[in-house]
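Asks: need coordinates for the below:
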Amino acid sequence: MSPANTVGTVIMGIVNTTPDSFSDGGRYLNPERAISHALELVGDGAGVIDVGGESTRPGAERVPTAEETRRVLPVVAALAERGIVVSIDTMNAETAVAAVDAGARIVNDVSGGLADADMLAAVAATSADFVLGHWRGPSSDMYARAAYADVARDVTVELAERLREAARAGMDPSRVVLDPGIGFGKTAEQNWAMLAGLEHLVALGPRVLVGTSRKRFLTAALSDASASASAEVPSVARRDAATAVTSVLAERAGAWGVRVHDVAATRDALAISAAWRTGASWTA
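Replies: Residues are numbered from 1 along each chain as shown. Okay, here's the model as predicted:
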């Protein structure tokens, strides 16, 4: 059996039940395949499984709520029945409530409640925690809003206001997790600047979740590092290795959790980081 996560950082494993997600679209449309993959991620050390039924890749169009719930609810229910902590990745209040009713314990909204005006109040009325993502507009034209004076400080200010809005909707701040929205409405350079200034967001107080997994800005950095100007797009394995490095750096900056596709690589990277930090000795 694969080893469980023995480090403090929460690893959120990604399960996309979509045909068009940028990395694994179509692989887990079948509920049984999605459930099986989720169980593998738990065995690899995931403490939370994040189930999504709508792609948020750049340029993605919205999915009808009925289709989104059809994709995610069987998976959410099956995993919750097994005692797994499930997060529902959605921007729709209706989907969020249905998933919580099916057993989800976290609602992960990349829009921070901006895409659906009913989201904050709807989640506040449940017992679920809420991942409040930084967002400036829909995936279809997110880069049109990528203008910041100081991206880390600007994102922190904007998320602080969304945190206050969640409190006004009746949500205790202890239930909120902040996500700086890496890859959402930010250029590659702005993503790196946000990560370099992550301590500003951590200093607000709520838990912080960082999601860099396989995202385009990593690919750009890896391509730049290649000796060949005509190098191909880095493989999934290289992107997963890069993700694991950013996960360690996020953990060291104070992040509560990281959201990844390759749970095992991130688990191992975090374990090595912990051993380095504590000087722990290992026995066979």
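Asks: Glu189: neighbouring residues, count only.
Replies: By the criterion of other Cβ atoms under 10 Å, Glu189 has 12 neighbours. C-betas here are computed from N, CA, C, even on glycine.
Asks: can you show me the helices along the stretch 101-250 of the chain?
Replies: 119-124, 151-168, 188-196, 198-202, 216-225, 236-252 (DSSP state H, counting those that start in this stretch).
Asks: shaky segments in the stretch 1-150 of the chain?
Replies: Applying pLDDT under 70 to the stretch 1-150 of the chain flags residues 1-7, 20-29, 57-61, 139-141.
Asks: for it, which segments count as strands?
Replies: Counting by DSSP state E, counting those that start in this stretch, the stretch 1-150 of the chain has strands at residues 10-16, 48-52, 86-89, 106-109, 129-133.
Asks: give me the contact list for the last one.
Replies: Here strand 129-133 makes contact (Cβ atoms under 8 Å, 6 or more residues apart in numbering) with 87, 105-113, 120, 123, 159, 162-163, 166, 171, 175-179, 181, 184, 209.
Asks: partner strands of it, parallel or antiparallel?
Replies: Sheet pairing of strand 129-133 (DSSP bridges) gives strand 106-109 (parallel), strand 176-179 (parallel).
Asks: what of the second one?
Replies: Next to strand 48-52 in the sheet, as set by DSSP bridges, lie strand 10-16 (parallel), strand 86-89 (parallel).
Asks: put the alpha carbons of that strand into PDB.
Replies: Extracted in PDB, the C-alpha atoms of strand 48-52 (Å, rounded to 0.1, in the frame of the first residue of the first chain):
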ATOM      1  CA  VAL A  48      -8.800  16.100   0.600                       C
ATOM      2  CA  ILE A  49     -10.100  15.200  -2.800                       C
ATOM      3  CA  ASP A  50     -11.300  18.100  -4.900                       C
ATOM      4  CA  VAL A  51     -14.000  17.100  -7.400                       C
ATOM      5  CA  GLY A  52     -14.800  19.400 -10.300                       C
END
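Asks: if we can go back for a sec, looking at the strands paired with strand 48-52, which is buried most?
Replies: Most buried of the strands paired with strand 48-52 by mean neighbour count (mean count of other Cβ atoms under 10 Å) is strand 86-89; its value is a mean of 30.
Asks: and for Val85, nearest residue in space, chain neighbours not counted?
Replies: Distances taken as Cβ to Cβ, 6 or more residues apart in numbering put Val48 closest to Val85, at 4.8 Å, once the chain neighbours are dropped.
Asks: do the same with Thr187
Replies: Ala146 (5.5 Å).
Asks: ok, now which ones touch that neighbour?
Replies: By Cβ under 8 Å, 6+ apart, Ala146 lies in contact with Arg136, Gly185, Lys186, Thr187, Gln190.
Asks: who's in contact with the first one?
Replies: This points to Arg136. By Cβ under 8 Å, 6+ apart, the contact list for Arg136 reads Met142, Arg145, Ala146, Phe184, Gly185.
Asks: then the fourth one?
Replies: Neighbour list for Thr187: Tyr143, Ala146, Phe217 [criterion: Cβ under 8 Å, 6+ apart].
Asks: same deal with the third one?
Replies: Contacts here follow Cβ under 8 Å, 6+ apart; on that basis Lys186 touches Ala146, Tyr148, Val151, Met194.
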